[in-house]
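Trainee: Provided below for reference: sequence and predicted model.
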Amino acid sequence: MKKKKRQIKKIPCIIAAVVLIILGILIYKFISDILYKRTYDYKLLQKGYKEEEIVYLKENYTDKLDDFLNIDYEEYVIPILKEKYFLWKNFKTYLEYIKEKPDKKQEEIIREVNIGTYQPFYTNAKEADTTKEYALLVNKYNFLSSDYEPVDLVRANGQYTFSNNQYMRQEVYSAFTDMFFAAKEEGLTLLINSSYRNYENQQKAYKDYEDAGGKSYADRYAARPGFSEHQTGLTLDIFTPEFPTTSTFHLSKEYTWLTTNAHKYGFILRYPEGKEKITGFSYEAWHYRYLGVELATKVYESGLTYDEYYAYYLDN
C-alpha cells in the first residue's frame with residue numbers, strides 16, 4: 001500500500017517536469033524567434049531576397065547589408081552587383097538610372113553611369129585630377145582650369161613636325177622621337193601637326209567650329225575650352241606627308257602601324273571608331289594621348305576607351 005502512494009506522488013513530479021520542459025522549449029523558441037527576426041537573414045527575406053541571394057550578399061557585402069535593407073528589392077539588384085565593372089560608389093545611381101531606362105542592358109547602365117554619359121555632356125563637370133600626372137583624365141566631364149599649363153613644355157625639332165611651333169611635355173617629346181625613328185626604320189614617316197594648346201587657343205579653335213556649323217557641330221568635333229586634352233601637353237595629332245588630313249590619315253600605312261605599335265611608346269588612340277557615345281567625340285584616327293608605356297599597354301590590352309579604363313581602375 002505504501003508503494004502505491006509513492007507512485008501516486010511521482011506522477012505530479014513527472015507532470016511538473018514535462019511542463020517545465022515544454023515551457024523551456026516554448027521560451028527558447030520565443031527567444032530564438034525574437035533573435036532571428038533581428039538577423040539580416042530574416043530582414044532580407046522580408047525585403048524579398050531569396051536565400052541564395054542573401055548568401056551572396058553576406059559573402060561579398062558584409063559591411064553594407066544595411067544599405068540593402070534601405071532600398072526596395074528588385075530582380076536586377078543582384079545581377080547589377082555581379083557586373084564586371086560594378087563600382088559600389090555608383091550603386092544607387094545605377095538603380096535610379098535603370099528605373100529611368102528599364103530597356104537598357106545592365107552592362108550599358110554600368111558603363112554610362114561610371115563614365116558619366118548617363119547625363120548630357122558638360123553637365124556636373126569637375127576639375128581634372130592633375131595629381132595623376134600622365135594618367136590624368138580630361139574629357140567632357142573633367143576640365144582643366146583656364147590657367148593650367150604644364151611646367152615642362154619643350155619645343156619640338158622641326159624634323160618631327162609640320163610646323164615649327166609645336167610644344168609638348170618633355171617625356172612626351174622623348175617618347176615620340178623614339179616612336180618616330182622606330183617607324184622610320186620601316187619606311188614610315190610620322191609628323192606632329194598639333195600638340196599643346198593653351199586655354200585661349202582652344203577657345204579660338206572651338207569658336208571657329210561654332211561659327212562654321214553651330215554649337216552642336218562644334219561639340220562633336222572640338223572640345224570646349226578647358227575640356228581639351230591638348231591643354232595637358234600630353235596629346236599629339238599625328239599625320240604623314242602622304243596623308244596629311246583628317247579625312248585621309250586612316251588610309252595610311254602609318255595609321256595601321258600606330259594601331260599596333262603606339263602603346264609600346266606610351267601612346268593610345270584616344271577616340272576610336274564606334275566609341276563616340278563614350279568619348280563624346282567623332283572617330284579621330286590621328287589623335288594620340290600619352291600615358292606612359294605601362295599604362296598605355298594596359299589600356300590597349302583592355303580594349304577599353306580611356307574614359308572607361310579611368311573610371312574602372314584609376315578614379316579613386
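Mentor: Good, I have the coordinates. Residues are numbered from 1 along each chain as shown.

Trainee: quick one: end-to-end distance for stretch 185-202.
Mentor: Stretch 185-202 has an end-to-end distance of 35 Å (criterion: C-alpha to C-alpha, to the nearest Å).

Trainee: likewise for stretch 154-167?
Mentor: End-to-end distance of stretch 154-167 (C-alpha to C-alpha): 5 Å.

Trainee: buried stuff in it?
Mentor: Of the residues in stretch 154-167, those buried by neighbour count under the rule 16 or more other C-beta atoms under 10 Å are 154, 156, 160-161, 166-167. (Glycine included, C-beta is placed from N, CA and C.)

Trainee: swap in stretch 277-285?
Mentor: Along stretch 277-285, the positions that meet the burial threshold by neighbour count (16+ other C-beta under 10 Å) are 278-281, 283-285.

Trainee: where along the chain do the helices fall?
Mentor: Secondary structure of the chain (DSSP state H): helices located at 2-36, 40-47, 51-60, 65-69, 77-81, 91-100, 106-115, 170-184, 199-213, 215-221, 253-261, 276-279, 293-302, 306-309.

Trainee: identify each buried residue in the fourth one, please.
Mentor: If I follow you right, that is helix 65-69. When burial is assessed from 16+ other C-beta under 10 Å, helix 65-69 yields the following buried residues: Phe68.

Trainee: which strands and helices sit next to it?
Mentor: Here helix 65-69 touches helix 40-47, helix 51-60, going by 3 or more C-beta pairs under 8 Å, 6 or more residues apart in numbering; DSSP states H and E.

Trainee: any regions of the protein where pLDDT drops low?
Mentor: Per-residue confidence for the chain (pLDDT under 70) gives these ranges: 1-9, 32, 36.

Trainee: for stretch 34-52, which positions count as buried?
Mentor: 40-41, 43-44, 49.

Trainee: ok, back up a step: which among the helices and strands packed on helix 65-69 is found nearest to Leu23?
Mentor: With C-beta to C-beta as the measure, helix 40-47 is the member of these nearest Leu23 (24.7 Å).

Trainee: what angle sits between the closest one and helix 51-60?
Mentor: Regarding helix 40-47 and helix 51-60, their directions subtend 130 degrees when assessed with axes from the mean of the first three to the mean of the last three C-alpha atoms, to 10 degrees.

Trainee: name the residues that touch helix 40-47?
Mentor: Outside of helix 40-47, the residues that reach it under the criterion C-beta atoms under 8 Å, 6 or more residues apart in numbering are 36-37, 51, 53-54, 57-58, 65, 68-69, 72-73.

Trainee: out of the residues you listed, who's nearest Ala183?
Mentor: Relative to Ala183, the closest of those is Leu57; by C-beta to C-beta it sits at 52.7 Å.

Trainee: that closest one reaches Phe68, doesn't it?
Mentor: Yes. Here Leu57 reaches Phe68: they are 6.2 Å apart, a contact under C-beta atoms under 8 Å.

Trainee: need the residues touching each of these two.
Mentor: Residues touching both Leu57 and Phe68 comprise 44, 49, with contact defined as C-beta under 8 Å, 6+ apart.

Trainee: quick one on the thing from earlier: closest to Leu234 among the buried residues of stretch 154-167?
Mentor: The shortest approach to Leu234 among these belongs to Tyr167, at 11.7 Å (C-beta to C-beta).

Trainee: from Thr161, how far out is that closest one?
Mentor: Distance check for Tyr167 against Thr161: by C-beta to C-beta, to the nearest Å, it reads 10 Å.

Trainee: just name the most buried of the helices of the chain.
Mentor: Ranked by mean neighbour count, those are led by helix 306-309 with a mean of 23 (mean count of other C-beta atoms under 10 Å).

Trainee: which elements pack onto it?
Mentor: helix 106-115, helix 276-279, helix 293-302.

Trainee: could you export those as a markdown table, including distance to Lys29?
Mentor: Converted to a markdown table, these look like this (distance: least, C-beta to C-beta, whole Å):
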| stretch | distance to Lys29 |
| --- | --- |
| helix 106-115 | 42 |
| helix 276-279 | 57 |
| helix 293-302 | 55 |
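
Trainee: so what's Leu137 closest to, chain neighbours aside?
Mentor: Computed as C-beta to C-beta, 6 or more residues apart in numbering, the closest residue to Leu137 that is not its neighbour in sequence is Tyr310, at 4.5 Å.

Trainee: the one you found against Val138, yeah?
Mentor: No. Look at Tyr310 against Val138 with C-beta under 8 Å: they stay out of range, at 10.2 Å.

Trainee: so for Thr189, which of the helices and strands packed on helix 306-309 sits nearest?
Mentor: Nearest to Thr189, of these and by C-beta to C-beta, is helix 293-302 at 21.7 Å.

Trainee: cheers, nothing more for now.
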